[in-house]
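> For reference, the sequence and a predicted model appear below.
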Amino acid sequence: MAIRFRGAVRPSPARLWAGVALMLLGVLALALAMIGRMDGPGGTARPSAKIGTAATPTPDVPLPLVEPLEVDASDPDAARAHNAAIPFSTAPNPAARPFHFIGDALARDRANDCLAAAMLYEAGDDPKGERAVGQVVLNRLRHPAFPKTICGVVFQGQERATGCQFTFTCDGAMARQPSSTAWERARALAAKMLAGDVYAPVGMSTHYHTDWVIPYWSASLDKVAAVDTHLFFRWKGWWGTPPAFLRSVSIAAEPLVHKLAVLSLAHRPDLDPLAGQALAGSLIDGRAPLAIGPEMIGKRIGPGKLMAIEPGGSGFVMVLDKGGDPARYAQAAAQLCAGRAKCRLLAWTDPAAAPRGFPIGEASQPAMSFSYIRVKDSGLERTLYNCTEFPTTPRINCMARRVAEAAPPKLIADSKADEAKLRLPDGARPMADLANAPAAPSAAPDLPRTRPLADMRRLPAAIPAATVSAGP
């Protein structure tokens with residue numbers, strides 16, 4: 001007997017179990033289809049991987065593989081037509097979270113220059129394109145499928161003749177050196193991105209290519225943005241959504257990249273005799289100080305050149321490279337002052353203003369860009385910046401503003417005395433200096449005094465009385 005239940009006929013137990021089985025098979029087929037859709041380029045099965053520090057728990061889906069880049073550049077016009085036919089994704093395109101570099105000064109310098117190289121060589125001296133490329137590098141850094149250092153991301157696959165992740169690292173492009181101006185601009189943009197700058201239009205993109213080539217993966221990813229001639233893509237499904245990306249990445253050390261040695265001091269330890277010393281919060285430690293003698297004057301140390309050493313070896317003057325992240329200047333303090341009981345570093349970015357020895361004259365101090373001082377016994381440690389030159393520096397790290405004192409004006413009396421080759425007596429200056437009048441003697445000459453009338457009435461008898469009016 002059938003029992004009606006909410007307008008339907010209740011089936012027998014056998015038919016009920018058959019329906020449940022069919023439903024489970026449908027769910028399983030749908031899950032397999034989704035896994036194939038979220039898989040990496042090529043559609044083959046991938047080993048599963050977890051990302052324990054992601055924003056949300058990782059679903060049980062395979063981590064996409066990062067394979068060597070292979071492109072078809074045989075017919076640029078056909079490639080442009082093919083790429084134009086691929087529609088942009090209509091799904092939301094959220095911006096990436098701001099990235100803040102966590103690591104010591106040497107790691108930051110290396111990361112900054114690796115990121116700047118990718119931005120400049122891949123996009124040219126174009127701020128918009130450079131920021132777009134930089135965002136892809138940072139997105140890859142946060143994605144579990146890629147290396148966990150910036151230099152590792154940029155130079156992944158550099159050992160290959162072809163098939164590296166960023167083509168400039170293996171196609172010979174680095175033989176062409178950019179201008180110093182373009183390089184410093186790229187370094188400045190990279191420093192901003194390591195401090196939280198986000199290029200929102202590319203969203204969570206982890207891939208891009210120029211519109212005149214066809215990568216093998218272009219049809220298997222979601223196309224989300226176009227920046228000039230570059231097209232940007234993200235992985236389909238969960239691995240292309242914000243929860244798949246790590247919230248933060250702590251980088252203990254960045255690898256040395258010899259290919260950057262021509263451009264980056266941080267990647268040239270052989271040219272920096274004190275390389276490897278890093279500023280790790282505080283320099284007050286128990287290490288033995290490094291021997292730094294006169295032979296080091298004029299040589300590069302970190303981000304600048306050593307110009308003078310104070311007698312006793314506890315003070316240093318440097319000329320620092322101007323531009324980029326001013327936090328790099330602390331690297332010089334790390335290299336010079338580490339392990340010293342007392343130390344001070346005084347540094348300028350203007351070579352003309354930097355003194356060439358100790359003591360430091362008052363005229364040089366207003367132009368000082370950076371200073372570091374420490375006294376180990378008392379625990380004193382100060383890192384200060386010239387906030388006129390670096391206006392975004394927190395006020396607590398700003399130097400006291402110094403104004404060069406002008407020489408006192410020469411007084412008119414001094415000028416007249418110099419002309420006459422005379423020396424006026426010290427003391428109060430005559431009124432001529434206040435009124436801009438001709439110089440006058442500091443004291444009036446003695447003159448005959450006119451005696452009061454009462455005194456004249458008591459004159460001696462030798463004076464005839466007729467010459468004095470006695471009044472009524």
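Sure, I can see it. Numbers count the residues shown, from 1 in each chain.
> Let's see the pLDDT reported for L263.
Note for L263: predicted pLDDT of 90.
> Count the neighbours of the nearest residue to it once chain neighbours are set aside for me.
Take L263 and drop its neighbours on the chain: the residue closest to it by CB to CB, 6 or more residues apart in numbering is W183, 6.1 Å away. Where you see a C-beta, it was placed from the backbone N, CA and C, and this is true even at glycine. By other CB atoms under 10 Å, 20 other residues sit near W183.
> Check V262 too.
As a burial measure, V262 scores 11 neighbours (other CB under 10 Å).
> What of T392?
Count around T392 with other CB under 10 Å applied: 8.
> quick revisit: tell me which element the residue nearest to L263 falls in.
Per DSSP states H and E, W183 falls inside helix 180-193.
> Report all helices and strands that the following helix or strand past that helix contacts.
Helices and strands here follow DSSP H and E; after helix 180-193, the next one along the chain is strand 207-210. Packing partners of strand 207-210 (3 or more CB pairs under 8 Å, 6 or more residues apart in numbering; DSSP states H and E): helix 127-142, strand 230-234.
> Buried residues, stretch 257-266. List them.
V257, K259, L260, L263, S264, L265, A266 (16 or more other CB atoms under 10 Å).
> Next, work out how far apart the nearest residue to M399 once chain neighbours are set aside and G152 are.
If the residues on either side of it in the chain are set aside, M399 comes closest to L384, at 4.6 Å by CB to CB, 6+ apart. According to CB to CB, to the nearest Å, L384 stands 34 Å off from G152.
> My guess is L384 contacts S371. True?
Yes - the pair L384 and S371 passes the contact test of CB atoms under 8 Å, sitting 5.0 Å apart.
> between those two, what contacts are shared?
Taking CB atoms under 8 Å, 6 or more residues apart in numbering as the criterion, L384 and S371 both touch M399.
> quick one: low-confidence ranges for the protein?
Scanning the chain for pLDDT under 70 picks out 1-61, 65, 67-73, 159-163, 269-288, 323-328, 331, 402-472.
> how's it carved up into domains?
Listed by automatic domain parsing, the domain ranges of the chain are 71-259, 281-397.
> Now do the same for A107: helix, strand or coil?
With DSSP: H, G, I helix; E, B strand; the rest coil as the basis, the three-state label of A107 is helix.
> about what we covered before: closest one to P366 out of the buried residues of stretch 257-266, please.
Using CB to CB, L265 comes nearest to P366 of the buried residues of stretch 257-266, at 28.1 Å.
> Show the backbone phi and psi for the closest one.
In terms of degrees, to the nearest 10, the main-chain angles of L265 are phi -70, psi -30.
> now P351: how far from I360?
In terms of CB to CB, P351 sits 15 Å off from I360.
> A182 now?
The gap separating A182 from I360 is 35 Å, by CB to CB.
> And A95, by the same measure?
Using CB to CB, A95 is found at 47 Å from I360.
> I'm done for today, thanks for sticking with me.
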